[in-house]
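Enquirer: Just the structure for this:
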Amino acid sequence: MKEQLISRIAVIILAIVLIVFGIYHFMQPRVMITFVPNFLPGGLTWVYVVGIAFILAGIAFILHRWVKLAGYMLALLLICFVLLIHLPNYLHSGDINEQRLSFMNLLKDSAIAAFAMYVASNAQKI
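Expert: Residues are numbered from 1 along each chain as shown. I've put the predicted structure just below:
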């Protein structure tokens, strides 16, 4: 029982963070657009799509509905960020501060993706 409560609290904390990230995408879209790779068409649309995805995943985790789907889709989205944004920025940036920021974002998104996969894989237990 105690472990289930702790797990549930951890999932709710993740959900709150996701919802805040999602809201930030709507509050500061011009800041977030700088992270969208130039090769992706649509520009600002991606900022809003990702914001919606974060908010929906957070809501799914809080309501404990569609947790498996939300967790795996969130992990996929974050792994795409790692491979398409953070890793190329880390490898090709000429600015050491930009490299450090990219590396920190790479680690952060990898960790959140791993947690999302864990939550999804244990959706029936939590």
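
Enquirer: gap between the residue nearest the centre of the chain and Asn97?
Expert: Centroid-nearest residue in the chain: Leu78, 4.9 Å away (criterion: C-alpha atoms, centre = their mean). Leu78 is 23 Å from Asn97, where distance means C-beta to C-beta, to the nearest Å. Quick note: C-beta positions are derived from backbone N, CA and C, even for glycine.

Enquirer: what do you get for Ile12?
Expert: 34 Å.

Enquirer: higher neighbour count, those two?
Expert: Ile12 (14 against 8; other C-beta atoms under 10 Å).

Enquirer: Quick check: which element contains that one?
Expert: Assessed by DSSP states H and E, Ile12 sits inside helix 2-27.

Enquirer: Tell me the buried residues in the following helix or strand past that helix?
Expert: As assigned by DSSP H and E, the chain's next helix or strand after helix 2-27 is helix 29-32. The neighbour-count check on helix 29-32 (16 or more other C-beta atoms under 10 Å) flags 29, 32 as buried.

Enquirer: tilt between the next helix or strand after helix 29-32 and helix 2-27?
Expert: Note on helix 29-32: by DSSP H and E, the next helix or strand toward the C-terminus is helix 44-63. Helix 44-63 and helix 2-27 are oriented at 160 degrees to each other (axes from the mean of the first three to the mean of the last three C-alpha atoms, to 10 degrees).
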